[in-house]
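Participant: sequence first, predicted model second:
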Amino acid sequence: MRPIIEFCTNNMHFGTDEVFEALEENLEYDVIEYGCLTNCGQCSSTPFALVNGEVVTAASAKELHEAILSKIAEIDAWNDLDL
């Protein structure tokens, strides 16, 4: 299953727009941008994204990118165990 990574446009002031663009270039992911993900408290305080519906946060956009890739690797590892 292809990972689905969702971003909130209201969170882009943290630099997550650059993370969005970098991930969007990888054809192995479905990267989606929404006007709102209804995580307003989180959205106003820290960079975040949803990876397969799970919230991933970090202190900076660069760290968020790394955290997203780590989450995808974790999901892939669990999927490999299901075989």
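Facilitator: Yep, that arrived.
Participant: flag the shaky bits of this protein, pLDDT-wise.
Facilitator: Applying pLDDT under 70 to the chain flags residues 82-83.
Participant: determine the longest helix present in it.
Facilitator: Among the elements of the chain assigned as helix by DSSP state H, the one spanning the most residues is helix 61-81.
Participant: quick one: list the elements packing against that helix.
Facilitator: helix 16-24, strand 48-51, strand 54-57 (3 or more C-beta pairs under 8 Å, 6 or more residues apart in numbering; DSSP states H and E). C-beta: built from backbone N, CA, C; applies to glycine.
Participant: what's across from the residue nearest in space to the middle of the chain in the sheet?
Facilitator: With distances taken as C-alpha atoms, centre = their mean, the residue of the chain nearest its centroid is residue 49 (3.6 Å). Taking DSSP bridges as the rule, residue 49 bridges to residue 56.
Participant: gap between it and residue 39?
Facilitator: Distance, residue 49 to residue 39, by C-beta to C-beta, to the nearest Å: 10 Å.
Participant: what sits in contact with each of those two?
Facilitator: Listed as contacting both residue 49 and residue 39 by C-beta atoms under 8 Å, 6 or more residues apart in numbering are residue 55.
Participant: any idea how far residue 75 is from residue 36?
Facilitator: In terms of C-beta to C-beta, residue 75 sits 24 Å off from residue 36.
Participant: which of those two has more neighbours?
Facilitator: The neighbour comparison of residue 75 against residue 36 (other C-beta atoms under 10 Å) goes to residue 75, with 15 against 11.
Participant: thought that one was touching residue 2?
Facilitator: No. Using C-beta atoms under 8 Å, residue 75 is not in contact with residue 2, being 10.4 Å away.
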